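In: here is the input, now give the coordinates:
(one chain, ligands or ions: 1)
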Amino acid sequence: MTDAAAPPVASPADLAADVAAVRKRWTGLGLPGLFDVHTHFLPDGLERRVWAQFDAAGPKIGRPWPIRYRLTTDERVALLRDMGVRRFPSLPYAHRPGVAERLNDWARDFAVRVPESLWSATFFPEEGAEAYVAGLVADGVEVFKVHVQVGEFELDDPLLTPVWGLLEDSGTPVVVHAGHAPVGNDHTGPEPLARLLRRFPRLAVVAAHLGAPDYLAFCDLAAAYDRVHLDTTMVFTDFWEADYPVGLVDRLRDLEPKVLLGTDVPTIPYPYAHQLDALARLGLGDDWMRSVCWHNGLELFGDGVRSGGESSGTPGGSTR
Ligand SMILES: [Zn+2]
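Out: Sure thing, here's the model as predicted:
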């Protein structure tokens, strides 16, 4: 078991140990690496402001939250590569109107520079959202992220109606932080997502953090809708929550093809391998671990690692 009480910000020696621990987990499962559907990369200035919120245990954070992987963008890419995380997104998210397009431009450049990353983008209920989402989908963007807990908007805001229609038709997955955790607001919880899915039942939604803390309600949505998935981000770690609802582990066994490894690197207060150990200790077995840590991600997103190095500004799926 990884020591979850290790020092909060990793030293070079800690990082080397973290790499070795992660590689040991996936080689032990006989996998070629890990598919992590929930990592974050943001423009430097914004990233620093987000981290300051974590450092201050700001109103969206609610508790002390040391950031273990407080490294530059390039250092974090190198770290994930060293760990053998073969596919990972940047998952930018907009906290207010007027910033999504700038984030999307940055994320497009990141995807060009990091060919194995999942080309990520975000949107916000605002004039123009339909147009920029349509453009990104046409260009081949691979995943969107929306953050209801930070952005404080209704998932079924009328300004988003054409966006959801587009995404239902394109099948592009959307990682949705819809749950109340860590600090809820009037727009979080399972009901707004349930309402959205009643209207757009073919949406490929990945519910972040397994919908914490309403795990069972989000399991119900994953069971009811073909393309609804759940990511494991931070769930079952020593840091996250002491109590989980009765029956949750059985539900996750039944939902095996719908559960995806997510971690929230870099803003986690424990070593990466602790997330893997937290999943392994559920006792669902190595086949379940292989599905969650690799095969399910591949199934949802494909393995179209881009060839990289293009200067066109469009990280096109040249190997699809
Ligand atoms: Zn996250």
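
In: any idea how far the helix or strand bottoming out on mean pLDDT in the chain is from the chain center?
Out: Across the helices and strands of the chain, mean pLDDT, DSSP states H and E gives its lowest value to helix 148-151, namely a mean of 81. Helix 148-151 has its C-alpha centroid displaced from the chain centroid by 14 Å (Cα atoms, centre = their mean, to the nearest Å).

In: which residues sit against that helix?
Out: 60, 93-96, 124, 155, 176-185, 187-188, 192 (Cβ atoms under 8 Å, 6 or more residues apart in numbering). All C-beta spots, glycine's among them, are computed from the backbone N, C-alpha and C.

In: helices - which of those residues land there?
Out: With DSSP state H as the criterion, helices contain P192 from among the contacts of helix 148-151.

In: mark which of the contacts of helix 148-151 are buried, thanks.
Out: When the contacts of helix 148-151 are checked for burial by 16 or more other Cβ atoms under 10 Å, the buried set is 60, 93-95, 124, 155, 176-182, 187-188, 192.

In: just give me the least confident of those.
Out: pLDDT is lowest at K60 among the buried ones among the contacts of helix 148-151; the value there is 74.

In: I'd say it and V183 touch.
Out: Yes: using Cβ atoms under 8 Å, K60 makes contact with V183 at a distance of 5.7 Å.

In: nearest residue to the middle of this protein?
Out: Central residue of the chain (Cα atoms, centre = their mean): H38, 2.2 Å from the mean position.

In: from A17, how far off is that residue?
Out: Separation of H38 from A17 (Cβ to Cβ, to the nearest Å) stands at 23 Å.

In: likewise L103?
Out: 33 Å.

In: and what of P32?
Out: Taken as Cβ to Cβ, the span from P32 to A17 is 22 Å.

In: repeat that for R68.
Out: 12 Å.

In: of these two, who's got more company?
Out: R68 (22 against 17; other Cβ atoms under 10 Å).

In: how about the contacts made by L216?
Out: Counting by Cβ under 8 Å, 6+ apart, L216 has contacts P245, G247, L248, R251.

In: where does it sit: helix, strand or coil?
Out: With DSSP: H, G, I helix; E, B strand; the rest coil as the basis, L216 sits in helix.

In: got it, and the one 10 residues further on?
Out: Here D226 takes the coil state, with states given by three-state DSSP.

In: next one: it from T39, what distance?
Out: D226 is 26 Å from T39, by Cβ to Cβ.

In: who has more neighbours out of the two?
Out: Higher neighbour count among D226 and T39: T39, with 27 against 11, using other Cβ under 10 Å.

In: test my guess that that one contacts M83.
Out: No: using Cβ under 8 Å, T39 is not in contact with M83; the gap is 10.9 Å.

In: quick one, what contacts R195?
Out: L155, D156.

In: and it, how far from A20?
Out: 46 Å.

In: so which of the contacts of L216 wins on neighbours?
Out: Per-residue neighbour counts (other Cβ under 10 Å) across those peak at R251, which has 19 neighbours.

In: figure out the helix or strand that that one lives in.
Out: Element membership of R251 [criterion: DSSP states H and E] is helix 248-254.
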